[in-house]
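Student: I would like the atomic coordinates for the input below:
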Amino acid sequence: MSLNQQATHLRHREGAETGTKYLAIASGKGGVGKTILSLSIGKSLSNSGKKVLIIDADFGLSNIHLMLGITPQKNLAHFFFGDASFEQIVVKVEDNFSFISSGNGIYELAKLPKEQVINLIRRLQELAEDNYDYVIFDTPPGIHDDTIAVVSSADFPLIITTPEPTAVADAYALIKIINRENETENFYLVVNKVENDNEGKKVYESIKLLTERYTTAKLNHVGNIRYRKTLIRKIIEQNPFESGFMDDVYNILSNMSVDVLPRRRGFWESVMSRLLRK
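Tutor: Purely as a prediction, here's the structure:
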């Protein structure tokens, strides 16, 4: 199937979209808590009765399965190499909560040809819209074409940072590039590892000042996550759902008003069109 044919396929499915909502968790730099936030949001939504799928989009450097202490029998590499069906690579965590791993240290996945990326998107769309209420993308840190396409297409582009100056600068740079290249305006900001809410507010205000001056982006500060030593122990134990962290995540989701109507232009059509422009 050619790229244009696959794009047409997505447009046809958009007409019958089920209302699946898409969240993309992104950061300008690594180590700021992106994966633990993705997992905790997924857990929170599934606890509320929603069917949730997390897609670890960091090809070749996947770590969601490591945090959960689960060794998937199959991952995206098996799918691309013809050793597994798409259904076989979905790993069930709980009744309403599943994830797809892209494997770990698999160089070939990080260098996928665009045709295979497009095929992946087509298959993911069918899987997502037939089975899930929410799909969460845990994107790789930094600025990549695939990350920009996914974040700018999501219903909820969620940027996470910490008060560290380099993390703040990289978060702003990510927002600026996505806004400039794809005219995405609404972003959601979470500040992790804060001592108190005042520290999180200062980080938000510093990024907001820059976005208002140099972009057309609108930054929504949806919450802070306090630094907790107990979370580190939980991650080491591969049971990352620490109660205080989860409380902060519930507050973040309530501020995001997750039950909103899908964008007028569907997620998959938007991702496809942006990838085809590259």
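Student: can you give me the strands for the stretch 151-278 of the chain?
Tutor: With DSSP state E, counting those that start in this stretch as the criterion, the stretch 151-278 of the chain has strands at 156-161, 186-194, 218-226.
Student: helices or strands next to the shortest one in the packing?
Tutor: It refers to strand 156-161. strand 21-26, helix 34-47, helix 165-182, strand 186-194 (3 or more CB pairs under 8 Å, 6 or more residues apart in numbering; DSSP states H and E). All C-beta spots, glycine's among them, are computed from the backbone N, C-alpha and C.
Student: 6 Å - rerun?
Tutor: Helices and strands touching strand 156-161, by 3 or more CB pairs under 6 Å, 6 or more residues apart in numbering; DSSP states H and E, are strand 21-26, helix 165-182, strand 186-194.
Student: Same question for the second one.
Tutor: Of the remaining helices and strands, those touching strand 186-194 by 3+ CB pairs under 6 Å, 6+ apart are strand 156-161, helix 197-214, strand 218-226.
Student: remind me which residues of the stretch 101-250 of the chain are low pLDDT?
Tutor: Applying pLDDT under 70 to the stretch 101-250 of the chain flags residues 103-112, 117.
Student: before we move on, back to that, adding distance to residue 50 and mean neighbour count as columns, could you present the helices and strands packed on strand 186-194 in JSON lines?
Tutor: Formatted as JSON lines, these follow (distance: least, CB to CB, whole Å; neighbours: other CB atoms under 10 Å):
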{"stretch": "strand 156-161", "distance to residue 50": "14", "mean neighbour count": "26"}
{"stretch": "helix 197-214", "distance to residue 50": "27", "mean neighbour count": "16"}
{"stretch": "strand 218-226", "distance to residue 50": "18", "mean neighbour count": "20"}
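Student: Kindly reformat these as TSV containing distance to residue 249.
Tutor: Shown next, in TSV, are the helices and strands packed on strand 186-194 (distance: least, CB to CB, whole Å):
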stretch	distance to residue 249
strand 156-161	11
helix 197-214	14
strand 218-226	7
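Student: For residue 69, which of those is the nearest?
Tutor: Closest of those to residue 69 is strand 218-226, at 21.9 Å (criterion: CB to CB).
Student: quick check: angle from the closest one to helix 197-214?
Tutor: Strand 218-226 and helix 197-214 are oriented at 160 degrees to each other (axes from the mean of the first three to the mean of the last three CA atoms, to 10 degrees).
Student: Name the strands paired with strand 218-226 and say parallel or antiparallel.
Tutor: In the sheet, strand 218-226 lines up against strand 186-194 (parallel) (DSSP bridges).
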